[in-house]
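1. no FASTA, just this:
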């Protein structure tokens, strides 16, 4: 099964949620009028696309229908697909790893699948022939260090780790030194998953970023926020809060296969102007892949 088929299967619940909501509107309305647009907007909100983004989509749709003099419901539906596809393609989803080493800093609250995502991202780059090093800088949870260690073994990557409760920035410092010494292509740093105290989180991330800037000044950098798709609009709120605490370059969206709330991808792209860089559509080690907005839009409307 290729990744597009997995994506399509993983998005089945989301796709059906959006399709069912939208199709039920078109089954009721024969005429393309204001009432249709209002019902469509409500349908999109119900499909977890969020109020702000749904309003934008319907305003855009309304303008296009008017400009193109569209009177057929099926054409309105096609136009709706186009608007959503364009939103997904507005952000640049490609990973920028142009230097050796490049650094990926991974952040996110506990329980979203952060450590597992790091393991899978490590495996992804390892399978491309890159030399990957992991840094266990989530030192507040002993389980996080152990879990990352298991992933390092499973993916055949080296790991830099200290004792529980040691200074995360010192782990990153050692990891930067090791990355230089070992000719590492990609250094992936785990960080503590705390959001309840934003001030602490910001201070910690700033310290880690200072260490990376000082030790690897030329390195390409990605700061990825891991979000759990099953939490729906809560994931959008997390994206907003973390954006205020860190300079996020992209999103890793996990557990898409277990939810009908995948519509949040559209909301995150539109409202937070953040590109989705990886999506997870299963438990398997290769079920987390780089996000392709064209494929995602196609899978969303293909079912």
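-> Arrived safely. Owing to the predicted nature of the structure, the values given are computational and were not obtained by experimental measurement.
2. which regions of this protein sit below the pLDDT cut-off?
-> The chain contains residues with pLDDT under 70 at 1, 195-197, 303.
3. now the strands: where do they sit in it?
-> 102-107, 132-137, 158-160, 186-191, 221-228, 250-254, 276-280, 288-290 (DSSP state E).
4. Sheet-wise, list the partners of the first one with their directions.
-> Based on DSSP bridges, the pairing partners of strand 102-107 within the sheet are strand 186-191 (parallel), strand 221-228 (parallel).
5. Who are the contact partners of residue 76?
-> 26, 32, 36, 61, 65, 70 (Cβ atoms under 8 Å, 6 or more residues apart in numbering). Where you see a C-beta, it was placed from the backbone N, CA and C, and this is true even at glycine.
6. Out of these, give me the one that has the most neighbours.
-> residue 61 (23 neighbours; other Cβ atoms under 10 Å).
7. Now do that residue against residue 138, distance only.
-> 43 Å (Cβ to Cβ, to the nearest Å).
8. so the residue lying closest to residue 221 once chain neighbours are set aside bridges to which residues?
-> Spatial nearest neighbour of residue 221, excluding adjacent residues (Cβ to Cβ, 6 or more residues apart in numbering): residue 103 at 5.1 Å. Beta-bridge partners for residue 103, by DSSP bridges, are residue 187, residue 221.
9. contacting residues for residue 103?
-> Contacts of residue 103 by Cβ under 8 Å, 6+ apart are 179, 186, 187, 188, 189, 212, 216, 219, 220, 221, 222.
10. got those residues as CSV, with neighbour count and distance to residue 4 columns?
-> Output for these, formatted as CSV (neighbours: other Cβ atoms under 10 Å; distance: Cβ to Cβ, whole Å):
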residue, neighbour count, distance to residue 4
179, 27, 33
186, 27, 25
187, 26, 30
188, 28, 26
189, 26, 30
212, 21, 35
216, 21, 35
219, 19, 32
220, 16, 28
221, 17, 29
222, 19, 24
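11. farthest-separated two in those residues?
-> For the contacts of residue 103, the farthest-apart pair by Cβ to Cβ is 179 and 222; their separation is 14.6 Å.
12. picking up where we left off before, the strands of the chain into CSV, with extra columns for distance to residue 198?
-> Formatted as CSV, the strands of the chain follow (distance: least, Cβ to Cβ, whole Å):
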stretch, distance to residue 198
strand 102-107, 12
strand 132-137, 18
strand 158-160, 27
strand 186-191, 14
strand 221-228, 14
strand 250-254, 18
strand 276-280, 23
strand 288-290, 27
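13. Could you find the closest non-adjacent residue to residue 235?
-> residue 227 (4.1 Å).
14. what number of residues lie near the one you found?
-> 29.
15. who's in contact with it?
-> 108, 112, 235, 238, 239, 251, 252, 253, 254, 264, 268.
16. nearest to residue 283, of those residues?
-> Using Cβ to Cβ, these come closest to residue 283 at residue 254, 10.5 Å.
17. Just give the number of residues close to that closest one.
-> 26.
18. Residue 287 now?
-> If we define neighbours as other Cβ under 10 Å, then residue 287 has 18 of them.
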